[in-house]
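S.K.: I'd like to go over a predicted model; first the sequence, then the structure.
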Amino acid sequence: MSWLVLNGSAGLDNIWERAGLETSNQSTVSKAPTYEKRLILFLDFLGFKEIVDRTVADEALLGDLIAALRAVPKNAEATDFAGEQVTQFSDSLVISYPFKEPAAVYTLVANTTLAIVDLVDRGFLVRGAMTVGDLLHTDQYLVGPAMVRAYEMESKEARYPRVLVDSKVLRTALENPYSENSPEEEAEFIADFLAKDVDGRFFLDYTSWNSVVEAGGRPLEEYPAYVERIARLVEGGLGNDSWRVQEKYIWLHDRYIMMIDDSQDRTPGGDPTKPSLHAQSMPRFETLVKAANKKVAKGLSRSWPQRFASIYDKMLGELGK
């Protein structure tokens, strides 16, 4: 991403010139930057600082991290869409394209879910958000209400390793389906990659059999190994020293247990095309999650008084002005 420093009118003229527009010193301005309605995805690597700290002593991990950073935009973007823009900076990625592109929502939902599955294979998790709105997204600039909304959803609402999907995105999908699909058919295809959480929010489903295998195309014989990778992530996260980190992995543990329980319906006695995960032998981490829940509860009990005290102090300060 390019960062420009404004220095009076000369700095402003430089921006206009680099954007390919006429400057304010010219007699007329034939073109000015404007927002357009775009579909936007914002992704952020979970625990990035901790990962980077570990790469100092682990060159192999550094190689894995660089490979993951390269793979995410490659897997998530839709290269055949006109007007698509991709911006990557540090541990964050933004992809957007005009919302009127046919099947834009389906393409972004499906490709992003597959990208997340690929990251899990590599040992990484992300958090993020998908929305639609006014946005200016070029090779140099990324600004607009849609970017602000996506960032707020990721940083304040997602909380866990999940990518939230704004309800406005789902409405947009019905307006611009693939040319051969009815709006209802388009909605069904998109629903294959979504799950509804206990808080009522929709998010990209990167754990269930339906999303990963049936809709995503992961070979069925590879799904048991994928569940084991989730298990390793859950085990590591539940054992983290920070209760804030543990809280995120308690959420993932719930999804992991759903994977195991669902596998009981995929035994040789059921659908022969779906291999058994040998659910009875998969670890459920009952002791770990119990300890993590206690630590999180203790952490929350301590943090809430601090939050209220901070709010109270701020109110007193405002009243004293």
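M.R.: Cool, the structure landed.

S.K.: residue nearest the centroid of the chain?
M.R.: With the centre of the chain defined as its mean C-alpha position, the nearest residue by C-alpha atoms, centre = their mean is Gly128, 2.8 Å away.

S.K.: contacting residues around that residue?
M.R.: The contact partners of Gly128, by C-beta atoms under 8 Å, 6 or more residues apart in numbering, come to 41-44, 150, 154, 158, 163-164. C-betas here are computed from N, CA, C, even on glycine.

S.K.: what does Arg38 give?
M.R.: Contacts of Arg38 by C-beta under 8 Å, 6+ apart are 96-99, 132-135, 137, 146.

S.K.: where's it, which helix or strand?
M.R.: Per DSSP states H and E, Arg38 falls inside strand 36-45.

S.K.: swap in Tyr97?
M.R.: Tyr97 belongs to strand 92-98 when elements are defined using DSSP H and E.

S.K.: before we move on, the earlier item: determine which two of the contacts of Arg38 are furthest apart.
M.R.: Greatest spatial distance in those: Tyr97 and Asp134, 14.1 Å, computed using C-beta to C-beta.

S.K.: more crowded one of those two?
M.R.: Tyr97 (23 against 16; other C-beta atoms under 10 Å).

S.K.: Now do the same contact list for that one.
M.R.: 38-39, 78, 81-85, 104, 108.

S.K.: May I ask which of these has the most neighbours?
M.R.: Neighbour max across those (other C-beta under 10 Å) = Leu39, 30 neighbours.

S.K.: about what we covered before: and the contacts of Arg38, which is closest to Leu233?
M.R.: Ser96 (28.7 Å).

S.K.: Could you count how many residues lie near the closest one?
M.R.: 28.

S.K.: how about stretch 58-67: buried residues?
M.R.: For stretch 58-67, the neighbour count (16 or more other C-beta atoms under 10 Å) marks 64-65 as buried.

S.K.: Farthest pair within the contacts of Tyr97?
M.R.: Most distant of the contacts of Tyr97, by C-beta to C-beta, are Ala82 and Leu108, 14.7 Å apart.

S.K.: Can you list the low-confidence ranges for the stretch 151-300 of the chain?
M.R.: Residue ranges of the stretch 151-300 of the chain with pLDDT under 70: 264-280.
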